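*Asks:* The following comprises the amino acid sequence and a computationally predicted model.
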Amino acid sequence: MRLDRASAALSDAGMPVAVAQMLDFHGGVLQIALPHGDPAKFRAILDTHFAPADLLVSAEDIREPQLFVSDMDSTMIGQECIDELADFAGLKKQVSAITERAMQGELDFESALKERVALLEGLDEEAIRQCLDERIAATPGARTLVATLKSRGCQTVLVTGGFHHFADPIAEKLGFHRVVGNRLGIRDGRLTGTLDGAIVDGATKQRILIEEMERLGPEAVSMAAGDGANDVRMIKAATYGIAYRAKPTLREKADGWIDRGDCTSILKLLQIPREEWVSG
């Protein structure tokens, strides 16, 4: 019934498409032949009739990427590292509120990051290791996604506004080729409440994607995944930008979104057969 209503809505919007052309289910992922017409209107109709769903909208045939760049917190892992770390300092409520506003795009990322890090001054460095061991877990399907893409010759980069203390072991666990992140200031085994070096923000994420693409050449295909406002520039710069369980600020800018499945839904959207997935 949803197919009939969606087909009628597309026709009314000047984008007629036969139901048989419109939908093919692969493990719950929507695969749709894109009709000619206003892409924004097309996306709105899909959301109206199929949400929550996993979708990738492209005006051309979808191709496998030679570059995959992903955010870390709430994308490749299920948590926000700074929020969990703040919990050890008894400050999770204050820090989480700032994180949420930054992810929604209500606060400048750099200012919000510095404000949150300052609250952690004096925290024992050992809390980072304990937090990583006890609180941080990979998003379901993340290892399979990265391992499968790597097996097909794709360069993989984890780029985060979070911290190398978390990102380095997570990148190693998930199998990323490269990791880019911020560095917490530490002196005498305790956090200084400051950052060391340049801040990795949305502009940095975009720059890393562009630099990697320049190495691969003009014919290369890129894919980026993220969940918050800090990922918008990276998402828009990629051939395919994926919003993973994302905030509205990012979701409306993306070429596709994962609202229903796990990270392996990206493999389904790329039409990589399940028997060719690599478990990692």
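*Replies:* Noted; the coordinates are in hand.

*Asks:* contacts and neighbour counts: CA atoms only from here.
*Replies:* Noted.

*Asks:* List the residues that contact the closest residue to residue 173 other than its chain neighbours.
*Replies:* Spatial nearest neighbour of residue 173, excluding adjacent residues (Cα to Cα, 6 or more residues apart in numbering): residue 143 at 7.9 Å. By Cα atoms under 8 Å, 6 or more residues apart in numbering, the contact set of residue 143 is 173-175, 279-280.

*Asks:* of the residues you listed, closest to residue 272?
*Replies:* residue 279 (13.6 Å; Cα to Cα).

*Asks:* Show me where the chain has its strands.
*Replies:* Applying DSSP state E to the chain gives strands spanning 24-26, 29-31, 54-56, 67-70, 155-163, 178-187, 190-196, 222-226, 240-244, 256-258.

*Asks:* and those as CSV, adding distance to residue 123, mean pLDDT and mean neighbour count?
*Replies:* Conversion of those to CSV gives the following (distance: least, Cα to Cα, whole Å; pLDDT from 0 to 100; neighbours: other Cα atoms under 10 Å):
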stretch, distance to residue 123, mean pLDDT, mean neighbour count
strand 24-26, 47, 47, 13
strand 29-31, 44, 56, 20
strand 54-56, 40, 86, 25
strand 67-70, 28, 98, 26
strand 155-163, 15, 97, 24
strand 178-187, 9, 97, 18
strand 190-196, 5, 96, 18
strand 222-226, 29, 98, 28
strand 240-244, 31, 97, 28
strand 256-258, 36, 92, 25
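
*Asks:* would you list these in a markdown table and tack on distance to residue 102?
*Replies:* Converted to a markdown table, the strands of the chain look like this (distance: least, Cα to Cα, whole Å):
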| stretch | distance to residue 102 |
| --- | --- |
| strand 24-26 | 35 |
| strand 29-31 | 30 |
| strand 54-56 | 25 |
| strand 67-70 | 18 |
| strand 155-163 | 11 |
| strand 178-187 | 16 |
| strand 190-196 | 18 |
| strand 222-226 | 14 |
| strand 240-244 | 16 |
| strand 256-258 | 20 |
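
*Asks:* circling back to that earlier point, put the buried members of the contacts of residue 143 into a PyMOL selection.
*Replies:* The following PyMOL line selects those of those that are buried, judged by 16 or more other Cα atoms under 10 Å:
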select buried, resi 174+175+280
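
*Asks:* Just the ones of the contacts of residue 143 in helices?
*Replies:* 173-174 (DSSP state H).

*Asks:* out of the contacts of residue 143, what pair is the most spread apart?
*Replies:* 173 and 279 (12.4 Å).

*Asks:* rewinding a little: select from the contacts of residue 143 the entry with the lowest predicted confidence.
*Replies:* Ranked by pLDDT, those bottom out at residue 280, which has 70.

*Asks:* That residue: what's it in contact with?
*Replies:* 143-144, 146-148, 174-175.

*Asks:* And it, how far from residue 149?
*Replies:* 10 Å (Cα to Cα, to the nearest Å).

*Asks:* Neighbours of the residue lying closest to residue 246 once chain neighbours are set aside, how many?
*Replies:* Nearest non-adjacent residue to residue 246, counting by Cα to Cα, 6+ apart: residue 227, 4.0 Å away. For residue 227, the number of neighbouring residues by other Cα atoms under 10 Å comes to 29.

*Asks:* repeat for residue 274
*Replies:* Neighbours of residue 274 (other Cα under 10 Å): 12.

*Asks:* do the same with residue 10
*Replies:* 20.

*Asks:* Residue 171 too?
*Replies:* 23.

*Asks:* one step back: quick check, nearest of the contacts of residue 143 to residue 247?
*Replies:* Closest to residue 247, out of all of these and judged by Cα to Cα, is residue 174, at 23.8 Å.

*Asks:* okay but the closest one is in contact with residue 139, surely?
*Replies:* No: at 10.0 Å, residue 174 does not count as touching residue 139 under the criterion of Cα atoms under 8 Å.

*Asks:* remind me, longest helix of this protein?
*Replies:* helix 202-216.

*Asks:* ok, back up a step: mind checking how far the residue nearest to residue 246 is from residue 273?
*Replies:* 26 Å.

*Asks:* Check residue 178 too.
*Replies:* 26 Å.

*Asks:* what's the answer for residue 11, then?
*Replies:* On the measure of Cα to Cα, residue 11 and residue 273 end up 32 Å apart.

*Asks:* can you check residue 167 too?
*Replies:* 29 Å.

*Asks:* higher neighbour count, those two?
*Replies:* More neighbours surround residue 167 than the other of residue 167 and residue 273, with 24 against 10 (other Cα under 10 Å).
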